[in-house]
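I would like the atomic coordinates for the input below:
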Amino acid sequence: MAKITDNEIMRDAIELFLVNYAGTIDMAGTVKYSLKKTVNYFSINLEGSGFVDKVDELNKQLTQYLITWMQKNHDGLSNYMSLSHIVIEYLRPNKDGMTQNLAKSIALLHLPPYYFQNNAGHEGEMRSAIAIWALDFWNNVMLRNAVLITLVYLPLLLLAVIKFNTYAPAIQKAFDYTNVASSIIGSLSLAYLTTKAVNIRQEKLARIAEIKTLSNKLTYFRKLCYNFQHFYEYWNKDNPYKSSFDYANGIKTRISSEEFFYPNYSDREEYAKYRALSNENFSGPIINMVLQLHMFAGEEFSRSGLAYTAYPADYIYSFSEIDEYITMHDANHIWYCCDEKYFPEQFPPGYYPNEIMKEIKHIDKNVEGDTLTRDLLSTVSLNFQYDIIPRLYRLTRLNEAGLPRHMQYFLLLFILILTFGIVLPATLYIFLPTSSYALLCEFIVLGLITHVLVSLPILLQNESTLDRKNDY
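Coordinates of the predicted model:
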């Protein structure tokens, strides 16, 4: 199942602003998006909102909000650079048969021009992640350090090769200095890498308590979904949606909640499956809700034994597992059925509602009473949609992340310094004592050492700067 996309996160951020700015929940659901090769398009339906004639002020406030939001939250996006520029079209009612829509372009980030292609047929398209990384390395590392180092050391290298015999004693002394310097740099690099690895481990250990708490809550929410599916006192023949409930249970193993709610129109076979399984004679919201319940508490949940685990379960979810549930952040069908009053204000008493209330009290110890109500079920589902699942998604992603890119980079430098500073020269001195290849290794090490010295201020600045999202 696909995880929530950057455009969906941006759409939610815009909707949250609109709801707070307008002071009404009616603005929820008014934002749509479409991703093209060169345009991130968003539309806001302003009909009946009171902002039809206040687009300029609304756009000004929204722009300021989104720029601030991007600065604080760009680390949580898969590819924040793709959202550096967005186009927002404000949809307004037609007047005298003329379209009154207004489109505004918003620059959220200022990126270097080389991030975008300029060849014919692909103008304005963002380059691939590998191409951007290579260009960043070339512009910020090679051009800044390597070219300078090459210009300094290449003439010296040529002179040393030409006058190898004449300058042999001096070259040997330079070798000694280089070996000492490479040993110092290698030791510092190893100490830095080791310390950083330990710090990363400590940061991950510090998140475990919160991950454990949220994982337990998710387990009890899944048990809630399991019990609600088996709530036969409610899903009986007197229930007007019993036929829809039965139909959904008949197709839940053949199509997922995401596939049913987001049909793949571009895939002929997948769309044909959707059309074959969708049926206008049954309630769509109930079908979507049952499929979402099955996503959380299907056969896999029954086989895992978590449905019968005593409190607390202490089952820790992996990032890949949470990735399956993040779609609820975009579409909460349980809340929708509650909000649209598909469910009664109070559910009939029985074994399963009692079990559901136990799980709700495990999730939120402040809940009082023993009656399962529509509002309580709605509140619990919203809590998971906007708080628990997104937080667990972020924390598990951080804890399962590998080494940061800058650590991989310095690990590579450490390996290169050891290789060209110790391993290769020692081997060449044994088998080719008069070879100029050893001389080349020494100049490579000198270049690497100079590069480390030039890059050190930037590294120290990055290490001393706190990440507002993760460190505060």
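
who's in contact with residue 367?
Neighbouring residues of residue 367 by C-beta atoms under 8 Å, 6 or more residues apart in numbering: 357, 360-361, 376. Any C-beta I mention is one placed from the backbone N, CA and C, and that applies to glycine too.

kindly reformat these as CSV containing pLDDT and secondary structure.
Listed next are the contacts of residue 367 as CSV, based on pLDDT from 0 to 100; DSSP: H, G, I helix; E, B strand; the rest coil:
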residue, pLDDT, secondary structure
357, 93, helix
360, 92, helix
361, 91, helix
376, 94, helix
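
which elements pack onto the host helix or strand of residue 428?
Residue 428 belongs to helix 424-431 when elements are defined using DSSP states H and E. On a contact count with 3 or more C-beta pairs under 8 Å, 6 or more residues apart in numbering; DSSP states H and E, helix 424-431 meets helix 437-464.

and if we set it to 10 Å?
Of the remaining helices and strands, those touching helix 424-431 by 3 or more C-beta pairs under 10 Å, 6 or more residues apart in numbering; DSSP states H and E are helix 168-229, helix 437-464.

which two of the contacts of residue 367 have the greatest separation?
361 and 376 (10.6 Å; C-beta to C-beta).

so which of these two has more stuff around it?
Ranked by neighbour count (other C-beta atoms under 10 Å), residue 361 and residue 376 place residue 376 first, with 19 against 16.

spatially nearest residue to the more buried one (excluding sequence neighbours)?
Distances taken as C-beta to C-beta, 6 or more residues apart in numbering put residue 360 closest to residue 376, at 6.7 Å, once the chain neighbours are dropped.

my guess is that neighbour contacts residue 228. True?
No. Using C-beta atoms under 10 Å as the test, residue 360 is too far from residue 228 to be in contact (11.1 Å).

the two: which is more packed in?
Remark: of residue 360 and residue 228, residue 228 carries more neighbours, 24 against 20, as counted by other C-beta under 10 Å.

which residues sit in contact with that one?
234-235, 289-290, 293, 296-297, 334, 347, 352-353, 355-356, 359, 372, 377 (C-beta atoms under 10 Å, 6 or more residues apart in numbering).

again with residue 103
Applying C-beta under 10 Å, 6+ apart to residue 103 gives the contacts 41, 43, 87-91.

thought residue 324 was touching residue 218?
No. Counting by C-beta under 10 Å, residue 324 stays clear of residue 218, with 11.4 Å between them.

more crowded one of those two?
The residue with more neighbours, out of residue 324 and residue 218, is residue 218; 22 against 18, by other C-beta under 10 Å.

distance check, the more buried one against residue 211.
Residue 218 is 10 Å from residue 211, where distance means C-beta to C-beta, to the nearest Å.

next: residue 25.
Residue 25 sits 31 Å away from residue 211, going by C-beta to C-beta.

who's more crowded, these two?
The neighbour comparison of residue 25 against residue 211 (other C-beta under 10 Å) goes to residue 211, with 19 against 10.

pLDDT weak spots in the stretch 301-450 of the chain?
Along the stretch 301-450 of the chain, segments meeting pLDDT under 70 span 311, 430-440.

helices along that one, start to end?
According to DSSP state H, counting those that start in this stretch, the stretch 301-450 of the chain carries its helices in the segments 319-325, 333-339, 351-363, 374-383, 389-399, 405-418, 424-431, 437-464.

counting contacts, what elements does the fifth one pack onto?
When you say that, I think you mean helix 389-399. Where contact means 3+ C-beta pairs under 10 Å, 6+ apart, helix 389-399 is packed against helix 168-229, helix 319-325.

now it against helix 168-229, angle please.
With axes from the mean of the first three to the mean of the last three C-alpha atoms, to 10 degrees defining the directions, helix 389-399 sits at 150 degrees from helix 168-229.

good, wrapping up.
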